[in-house]
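1. Here is the input, now give the coordinates:
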Amino acid sequence: MGVGYKATNDGNILDLTLGYSHHLYFEVPKEIKVKTETEKGKNPIITLEGCDKQLIGQVAAKIRSLRKPEPYKGKGIKFVGEQLRRKAGKTASK
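-> Next up, the predicted model:
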C-alpha cells in the first residue's frame, strides 16, 4: 500500500519501487514461483507459490521487511488479510 509503490517480476527477480530513491531488486529462490498483478487504481499484489511452506514464509517475511507498514497511514508491504493497529495522529490544540 502506498502511492507510487510498484512491483514487477522478470523470472525470479522481483523489482520493487517502495518510495526510496532507487529500485530494490530481490532475488527469489528458484524453488518458488513469483507472480505480480498490478491493476490501475489498486495496490500491486505479489503471489508466491511453492511446495515448501517454511521457505515461502521466510521469503515473504524478507520482502515485508523491506518496507514494513507504518501505524499512522498504513503505508508499506503487508500480507493479505493482515489487520494493522492504527494510531491516532497529532491533534491541533487551541
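2. All the strands of the chain, in order from the start?
-> 6-10, 13-17, 24-27, 33-37, 45-49 (DSSP state E).
3. Poorly predicted segments of the chain, please.
-> For the chain, the stretches with pLDDT under 70 are 92-94.
4. could I get the strands of the chain as CSV with mean neighbour count?
-> (Glycine included, C-beta is placed from N, CA and C.) Output for the strands of the chain, formatted as CSV (neighbours: other Cβ atoms under 10 Å):
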stretch, mean neighbour count
strand 6-10, 15
strand 13-17, 17
strand 24-27, 12
strand 33-37, 14
strand 45-49, 14
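5. Make CSV out of these and add distance to Lys87.
-> What follows is the strands of the chain, written out as CSV (distance: least, Cβ to Cβ, whole Å):
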stretch, distance to Lys87
strand 6-10, 26
strand 13-17, 26
strand 24-27, 26
strand 33-37, 30
strand 45-49, 26
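6. list the contacts for the residue most central in space within the chain?
-> The centre of the chain sits closest to Ile77, judged by Cα atoms, centre = their mean, with a distance of 3.1 Å. Each residue near Ile77 by Cβ atoms under 8 Å, 6 or more residues apart in numbering is listed here: Met1, Leu18, Ile63, Arg64, Leu66, Arg67, Lys68, Pro69.
7. who touches the fourth one in this structure?
-> If I follow you right, that is Arg64. Gly76, Ile77, Lys78, Phe79.
8. State the distance from it to Thr47.
-> Distance of Arg64 to Thr47, computed by Cβ to Cβ, to the nearest Å: 14 Å.
9. cool, the first one as well?
-> Note on Met1: its distance to Thr47, by Cβ to Cβ, is 16 Å.
10. go on, the second one?
-> Between Leu18 and Thr47 the distance is 18 Å, computed by Cβ to Cβ.
11. Please apply the same query to Gly19.
-> With Cβ to Cβ as the criterion, Gly19 and Thr47 are 22 Å apart.
12. Could you give me the ChimeraX selection string for whichever of the contacts of Arg64 are buried?
-> To isolate the buried ones among the contacts of Arg64 in ChimeraX, judged by 16 or more other Cβ atoms under 10 Å, type:
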select :76,77,78
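13. Looking at the contacts of Arg64, which is nearest His23?
-> Nearest to His23 among these: Ile77, at 14.7 Å, using Cβ to Cβ.
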